[in-house]
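Colleague: Give me a 3D structure for the following:
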Amino acid sequence: MTLTLNVPVPGPLELLRHETIASNPRIMGVGTAVTEQSYSQQELLDLFEITDPKVRSVFGNSAIARRYLTVPPRTAGGAFAEEPQGALLRKHKRLAVGMGARAVGAALVDAGITLADVDYLCCVTSTGFLTPGLTALLIRELGIDPSCHRVDVVGMGCNAGLNALNATANWAKANPGRVAVMVCAEACSAAYVMDSTMRTAVVNSLFGDGAAAIALMAPAGDDVDAEHSGPQILSFASHIITDAVDAMRYDWDDEQSRFSFFLDPGIPYVVGAHAESVVDRLLAGAGLRRRSIRHWLVHSGGKKVVDAVRVNLGLTRHDVRHTIEVLRDYGNLSSGSFLFSYERLLRERVVAPGDYGVLMTMGPGSTIETALVQW
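Modeller: Got it, this is the predicted structure:
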């Protein structure tokens, strides 16, 4: 008697899909760093002797409790010294290199690998300009192999972390078994302007110093069941709101003789109104719906921005709890904010195999960037 088993044989499309999923890079480790001193919003108002009730209201209603900042040095008379653009650029270099190095070190420890394993380094910053770039400075600072492949992503703003992650993930996928590291280092203390305008007050109430890094690797050969528990990076989706290209910008201010950041008051509503289309496009590519997503890691762009995104996507405050907490404890950390939220999610130990997550950042352009991951 012959026993026949009807075992389905995978077709070429199924085999291709399995091969594609197997080769997706995984996040192996994450690390964050901040500067030395943090201040409450009230302490900052007192330090800078800000008495205007409108400005004090902006600080008080920001949903921010503390931020890490490096305030200007004091003069002999005790007042804060003026920091011309050259001094701010030097501050940016010092803080970005210091925080960036510590964030990379922490990510590698979390991943259980060493500096000698790093084959690719991508550095993101928008709070200053460096030539040679942050990659070269960190390679020298940390002693990474000088033959390391590298990319600097400069000036893209708060959304840039996901733009850089896209490039880093693609390199890792094309080079299985090799380690790629991305670090976002934002010295927002080097990007401040002090004047009496409400525009400046809004900006000065938001941003803090911080750096975040992640290590990625795609499995090599048949090693598809790597022991690393981090999520696979599946896909990306992006959208530029061209009608609002000037709504967020960091450009030269002739009156101040330095760079200055501008935020249009309507930007939260513009970003919120476009959040659904880009997220739904990201999920449609994987045959998913919003209810399929267990974890949402959104850029901590500000209370109104977070609320607008949450409402338009139909999310609860619990869904964006990490974003809210990062905003409360650090302020807006620009490009690396979403990785601070990712680190907090991991600390909760609530992620289960198979869970899907969406990473989302917003910034100048005006731009919305998203990524889909799966544990």
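Colleague: Give me the distance from the strand or helix carrying Thr168 to the chain's centre.
Modeller: Per DSSP states H and E: Thr168 is located in helix 160-174. Counting by C-alpha atoms, centre = their mean, to the nearest Å, helix 160-174 is centred 13 Å from the centre of its parent chain.
Colleague: Which elements pack onto that helix?
Modeller: Using 3 or more C-beta pairs under 8 Å, 6 or more residues apart in numbering; DSSP states H and E, the elements in contact with helix 160-174 are strand 118-125, strand 149-154, strand 179-186, strand 210-217, strand 232-240, helix 337-348, strand 356-363, strand 367-374. C-beta: built from backbone N, CA, C; applies to glycine.
Colleague: ranges for the strands of the stretch 251-375 of the chain?
Modeller: Using DSSP state E, counting those that start in this stretch, the strands of the stretch 251-375 of the chain run over 258-263, 293-298, 356-363, 367-374.
Colleague: Can I get these in JSON lines including distance to Thr200, mean pLDDT and mean neighbour count?
Modeller: Formatted as JSON lines, the strands of the stretch 251-375 of the chain follow (distance: least, C-beta to C-beta, whole Å; pLDDT from 0 to 100; neighbours: other C-beta atoms under 10 Å):
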{"stretch": "strand 258-263", "distance to Thr200": "8", "mean pLDDT": "79", "mean neighbour count": "20"}
{"stretch": "strand 293-298", "distance to Thr200": "26", "mean pLDDT": "98", "mean neighbour count": "22"}
{"stretch": "strand 356-363", "distance to Thr200": "19", "mean pLDDT": "97", "mean neighbour count": "25"}
{"stretch": "strand 367-374", "distance to Thr200": "23", "mean pLDDT": "97", "mean neighbour count": "24"}
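Colleague: Throw the ones you listed into a markdown table and include distance to Glu186, thanks.
Modeller: Output for the strands of the stretch 251-375 of the chain, formatted as a markdown table (distance: least, C-beta to C-beta, whole Å):
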| stretch | distance to Glu186 |
| --- | --- |
| strand 258-263 | 12 |
| strand 293-298 | 17 |
| strand 356-363 | 11 |
| strand 367-374 | 16 |
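Colleague: residues in contact with the helix or strand containing Gln42?
Modeller: Under the criterion of DSSP H and E, Gln42 resides in helix 41-47. Helix 41-47 has contacts (C-beta atoms under 8 Å, 6 or more residues apart in numbering) with 39, 50, 55-56, 59-60, 62, 64-67, 69, 71, 205.
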